[in-house]
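Student: sequence first, then the predicted structure:
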Amino acid sequence: MSDAVGAGLTVRSHKGPYDVLFGDRAAAGLDALAAGGRPLHVIVDERVADLHGDRLAPLLAGPSVLRLAATETNKSLEKFPAYVDHLVATGIRRDHLLVAVGGGIIQDITCFLAATMLRGVEWAFCPTTLLAQADSCIGSKSSINSAAAKNILGTFTPPRTIYLDVAFQATLDARDVRSGIGEILKVHAIDGPESFAVIAADYDRLFTEPDVMLRYVRAALEIKKAYIEEDEFDRGPRNIFNYGHTFGHAIEAATEFAIPHGIAVTIGMDMANFVATRVGDGSEDHFRRLRPTLAANYEGFQSHPVPFDAFLGAILKDKKNTGAGSVTMILPGADGRLAKVTHAADDAFTSACRTFLEEVRPA
Ligand SMILES: NC(=O)c1ccc[n+]([C@@H]2O[C@H](COP(=O)([O-])OP(=O)(O)OC[C@H]3O[C@@H](n4cnc5c(N)ncnc54)[C@H](O)[C@@H]3O)[C@@H](O)[C@H]2O)c1
Ligand SMILES: [Zn+2]
């Protein structure tokens, strides 16, 4: 591993700077946490604890370990009293540290507890999915569910330190690898058409060459860092990270979350590029240029049924919309650059969506 790729990354936030440590430094940092004097409360994905017991042994030997399944139900408000009871029973104090080990679900649970327990306890994060490593670990956001409302409650609370060890990727399911790659593709598309072309040319190597994967994980974090440092609270420039997400979230909702998040986002980007050619300034050329890589990344889901009425109902309810009967989304302009657009949910829009889902996507 070259130093440029292995060196840490520091992100500025309203709570001060925090570091992302990579590779051996991440592993050594986690061991040092376990050996240090500061009391820890570890919240760990039970699957990760089972698969990576050796790597995590020092952390898991501590007196406060909460093992959870990574399910959407477990990041629902209704489950939080049990987590609070556990932390109280294990003697949580303000100067203790919560440590999250897992993907986005464990991140969201831990971050929300860190923001609210005792009016704020610090937390650290060891992301174990590609999506969490390449995207969600930086940016301060947490979102939890309440009853049927997904990601409705949340805060902006960055971790103190991120311990990013790509060795965890070895045990991921193929669909979770492609879900993470979806977000990496998104970040490169945001960086511009040239950046997307570079990763598209390396797409196949992501699956077979860990060094290439690490390079793109790091590149994705570097690109995202610039936006979140400028707009941590997502009021302006950072909005662009919703590329693929307005469509993606509606696809996830319409399919009852049968499609992993980053794969739904990949379909959503292809859909945004297509819809922009019908109701916006997007060019056919741009749509065609991105399509082979995006379609490869959602292979297996080209024909997954997306009930159209449910899709439309969900996209009209998106929390980013500003007016009734309109949809706010990120679309490419004529030059392929992405921008926030609000469009009426008129016949032209709905028919572009239907054509994409029913004719373009499976092609
Ligand atoms: N807070 C944010 O900024 C943010 C951003 C994006 C997504 N999210 C949320 O994150 C969740 C999705 O997160 P995710 O895709 O990272 O995964 P996840 O936490 O849902 O985990 C996906 C699956 O991978 C398993 N897993 C985790 N690490 C593994 C490993 N190393 N080896 C084998 N299996 C492993 C889990 O047990 C689970 O079955 C959603 O709830 C989404 O809303 C949050
Ligand atoms: Zn996402």
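Tutor: Structure received. Residues are numbered from 1 along each chain as shown. Ligands and ions are numbered 1, 2, ... in the order given.
Student: indicate the residue of the stretch 51-200 of the chain located nearest to ligand 1.
Tutor: Ligand 1 sits closest to Gly104 of the stretch 51-200 of the chain, with a gap of 2.0 Å, by CB to the nearest ligand atom. Every C-beta, even on glycine, is put in place using the N, C-alpha and C of the backbone.
Student: can you pull the contacts of that residue?
Tutor: By CB atoms under 8 Å, 6 or more residues apart in numbering, the residues touching Gly104 are 129, 131-132, 136, 261.
Student: who in the chain is up against ligand 1?
Tutor: 45, 47-48, 51, 70, 72, 75, 102-108, 128-129, 131-132, 136, 139, 141-143, 151, 168, 171-172, 176, 179, 261 (CB under 6 Å from any ligand atom).
Student: surely Pro210 touches Asp165?
Tutor: No: Pro210 is not in contact with Asp165 according to CB atoms under 8 Å; the separation is 11.5 Å.
Student: domains for the chain, by residue range?
Tutor: 3-171, 174-360 (automatic domain parsing).
Student: can you give me the strands in the stretch 1-150 of the chain?
Tutor: For the stretch 1-150 of the chain, the strands defined by DSSP state E, counting those that start in this stretch cover 9-11, 18-22, 40-45, 65-68, 97-102, 122-127, 141-146, 149-156.
Student: using TSV, lay out these together with mean neighbour count.
Tutor: Converted to TSV, the strands of the stretch 1-150 of the chain look like this (neighbours: other CB atoms under 10 Å):
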stretch	mean neighbour count
strand 9-11	16
strand 18-22	22
strand 40-45	24
strand 65-68	19
strand 97-102	26
strand 122-127	26
strand 141-146	20
strand 149-156	16
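Student: present those as CSV; the columns should include mean pLDDT.
Tutor: CSV is the format used below for those (pLDDT from 0 to 100):
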stretch, mean pLDDT
strand 9-11, 96
strand 18-22, 97
strand 40-45, 98
strand 65-68, 98
strand 97-102, 98
strand 122-127, 98
strand 141-146, 93
strand 149-156, 91
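Student: same list, these, but as JSON lines with distance to Phe257 please.
Tutor: JSON lines is the format used below for the strands of the stretch 1-150 of the chain (distance: least, CB to CB, whole Å):
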{"stretch": "strand 9-11", "distance to Phe257": "29"}
{"stretch": "strand 18-22", "distance to Phe257": "28"}
{"stretch": "strand 40-45", "distance to Phe257": "17"}
{"stretch": "strand 65-68", "distance to Phe257": "18"}
{"stretch": "strand 97-102", "distance to Phe257": "18"}
{"stretch": "strand 122-127", "distance to Phe257": "20"}
{"stretch": "strand 141-146", "distance to Phe257": "11"}
{"stretch": "strand 149-156", "distance to Phe257": "8"}
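Student: what sits against the residue lying closest to Lys340 once chain neighbours are set aside?
Tutor: Spatial nearest neighbour of Lys340, excluding adjacent residues (CB to CB, 6 or more residues apart in numbering): Asn239 at 5.3 Å. Neighbour list for Asn239: 320, 330, 340 [criterion: CB under 8 Å, 6+ apart].
Student: for ChimeraX, write a command that selects the buried ones of those.
Tutor: Here is the ChimeraX command that selects only those of these that count as buried (16 or more other CB atoms under 10 Å):
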select :320,330
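Student: which one of the contacts of Asn239 sits closest to ligand 1?
Tutor: Lys320 (14.8 Å).
Student: just to check, Asp202 is in contact with Met213?
Tutor: No: at 9.5 Å, Asp202 and Met213 do not qualify as touching, with contact defined as CB under 8 Å.
Student: who's more crowded, those two?
Tutor: With neighbours defined as other CB atoms under 10 Å, Asp202 and Met213 compare such that Met213 has more, 23 against 13.
Student: low-confidence bits of this structure, can you list those?
Tutor: For the chain, the stretches flagged by pLDDT under 70 are 1-6, 323.
Student: kindly recompute the last result at 50.
Tutor: Low-confidence segments of the chain (pLDDT under 50): 1-3.
Student: picking that back up, mind checking which of Pro210 and Asp165 has more residues around it?
Tutor: Comparing Pro210 with Asp165 by other CB under 10 Å, the one with more neighbours is Asp165, at 21 against 14.
Student: quick one: the nearest residue to the more buried one once chain neighbours are set aside from Ala339, how far?
Tutor: Spatial nearest neighbour of Asp165, excluding adjacent residues (CB to CB, 6+ apart): Ala26 at 4.4 Å. In this structure, Ala26 and Ala339 are 36 Å apart, going by CB to CB, to the nearest Å.
Student: so which of those two has more stuff around it?
Tutor: Ala26 (23 against 14).
Student: list the contacts of the more buried one.
Tutor: Applying CB under 8 Å, 6+ apart, we find Ala26 in contact with 126, 163-165.
Student: can you say which of the residues of the chain next to ligand 1 are buried?
Tutor: Buried, going by 16+ other CB under 10 Å: 45, 47-48, 51, 70, 75, 102-108, 128-129, 131-132, 136, 139, 141-143, 151, 168, 172, 176, 179, 261, out of the residues of the chain next to ligand 1.
Student: residues touching the residue lying closest to Met329 once chain neighbours are set aside, list them.
Tutor: Once flanking residues are discounted, Met329 sits nearest to Thr246: 4.0 Å by CB to CB, 6+ apart. Contacts for Thr246 (CB under 8 Å, 6+ apart) come out as 268, 272, 315, 318, 320, 327-330.
Student: with that, I have no additional questions.
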